[in-house]
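S.K.: Test case, fold it:
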Amino acid sequence: MSTHPNSIIILAIESSCDDTSAAIIRDGEVLSNLIATQTVHQAYGGVVPELASRQHHQKIVPVIDEALRTSGVKKDQLSAIAFTQGPGLLGSLLVGCSFAKGMALSLDIPLIAVNHMEAHVLAHFVEDPKPNFPFLCLTVSGGHTQLVKVTNPLEMEVIGTTRDDAAGEAFDKIGKYLGLDYPAGPIIDKLARDGQAKYEFAKPRVDGLGFSFSGLKTSVLYFLRDKLKEDENFINDNLNDICASVQQTIVDILMDKLTKATKKTGITEVGIAGGVSANSALRKALSESAETHGWKTFVPAIQYCTDNAGMIAMAAYYKYENGDFVDQDVTPNPRLKIPTADS
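M.R.: Alright, predicted model coming up:
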């Protein structure tokens with residue numbers, strides 16, 4: 001690979017939860033984005049933190065090696081090393097942080113700490129088309145549901161967030177009620193395509209731009225309990241329709257708040273990000289709302305929706321340009337947040 005001597009080349013590492021990922025970015029272009037998923041958690045119906053950190057230990061070296069190889073970049077060409085500082089699981093974050101610190105120290109190059117949630121937002125800038133500033137981003141994942149106002153790559157604020165469970169967490173927990181494997185979100189999405197949203201479930205009454213999904217979980221749980229008393233085969237016989245109904249309810253809750261946010265801010269450039277942004281019903285609803293409300297909408301490619309180092313690399317590129325580096329005494333922050341708006 002021919003590289004201009006002044007090129008900015010960054011190795012980014014993502015290890016916030018149960019995916020070990022490494023990416024190489026050169027002058028804002030992602031050259032490689034490798035992700036090693038962990039299947040060990042499926043047997044437990046959720047991520048087991050200790051098992052996740054052990055898996056990261058096993059996979060981080062081969063994943064980084066492959067990211068370098070496929071990009072054609074050699075270690076001595078790197079300008080900086082970036083890593084996910086948080087939020088996430090402490091044990092998992094420690095693996096990525098420790099490796100990044102050691103590698104940056106050995107190569108005598110800068111170290112960049114990245115906020116995982118900010119990176120999800122900036123995944124919109126990995127590929128065209130890219131939103132103009134300011135824009136709104138609905139970030140929906142297993143651990144977070146947030147409405148973010150993005151003024152520029154280094155300035156964003158949360159204007160609405162969930163009071164309890166995240167949307168992705170609701171998908172997974174309801175999937176558990178239905179006897180589905182973990183993670184349940186993609187399975188519910190697939191089953192819902194052959195079903196009808198014929199059942200009504202509770203939608204939260206939350207003021208402003210906040211979210212809540214705990215009431216929905218309870219509503220589904222009681223619904224299934226009552227139906228199973230009448231017919232023990234109810235779930236098996238109506239699984240597609242149940243999934244379609246659950247999915248539609250979650251999408252309706254998300255889109256209602258997103259619509260309110262555009263009206264409140266006057267911003268009509270709108271994106272969605274995070275693992276749940278891969279959901280086909282949410283993508284369809286966003287597209288339909290674009291036509292109804294005149295929005296200009298953006299959704300990252302599937303590989304940049306779920307946890308990946310490509311989005312970490314993109315965020316790190318902007319930080320590098322701004323000279324935003326950290327020292328070797330940096331530590332992971334499992335509760336790291338995007339600043340919240342005052343009102």
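
S.K.: okay, CA-based contacts and neighbour counts for the rest of this
M.R.: OK.

S.K.: List the residue ranges of this protein that fall below the pLDDT cut-off.
M.R.: Residues of the chain meeting the criterion pLDDT under 70: 1-5, 40, 342-343.

S.K.: run the last query once more with 80
M.R.: 1-5, 37-46, 341-343 (pLDDT under 80).

S.K.: and the longest helix for it?
M.R.: In the chain, taking DSSP state H as the definition, the longest helix is helix 234-265.

S.K.: What are the buried residues along that one?
M.R.: Using 16 or more other C-alpha atoms under 10 Å as the test for burial, helix 234-265 gives 235, 239-255, 257-259, 261-262.

S.K.: what's the answer for stretch 37-53, then?
M.R.: Q38, H41, G45, G46, V47, P49, A52, S53.

S.K.: Nearest to A100 among these?
M.R.: Nearest to A100 among these is S53, at 15.2 Å by C-alpha to C-alpha.

S.K.: can I assume that closest one is in contact with V95?
M.R.: Yes. Between S53 and V95 there is a contact under C-alpha atoms under 8 Å: 6.9 Å.

S.K.: For T151, give me its contacts.
M.R.: Counting by C-alpha atoms under 8 Å, 6 or more residues apart in numbering, T151 makes contact with F133, P134, F135.

S.K.: Check K284 too.
M.R.: K284 neighbours (C-alpha under 8 Å, 6+ apart): none.

S.K.: Let me know the secondary structure of it.
M.R.: Recorded secondary structure, K284: helix (DSSP: H, G, I helix; E, B strand; the rest coil).

S.K.: Three-state assignment for Q146, please.
M.R.: The three-state label given to Q146 by three-state DSSP is strand.

S.K.: Leaving out the residues flanking it, which one is nearest to it?
M.R.: Closest residue to Q146 apart from its sequence neighbours, by C-alpha to C-alpha, 6 or more residues apart in numbering: T161 at 4.4 Å.

S.K.: Specify the angle between the helix or strand harbouring that neighbour and helix 234-265 in degrees.
M.R.: Using DSSP states H and E, T161 falls within strand 155-161. Per axes from the mean of the first three to the mean of the last three C-alpha atoms, to 10 degrees, the angle that strand 155-161 makes with helix 234-265 is 130 degrees.

S.K.: Touching strand 155-161 from outside, list them.
M.R.: 118, 144-150, 208-211, 338-341, 343.

S.K.: returning to what we had before: same list (the contacts of T151) but as CSV, adding neighbour count and distance to K176.
M.R.: Shown next, in CSV, are those (neighbours: other C-alpha atoms under 10 Å; distance: C-alpha to C-alpha, whole Å):
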residue, neighbour count, distance to K176
F133, 13, 40
P134, 17, 39
F135, 23, 35
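
S.K.: Counting only helices, which of those make the cut?
M.R.: Among the contacts of T151, no member falls in helices (DSSP H).
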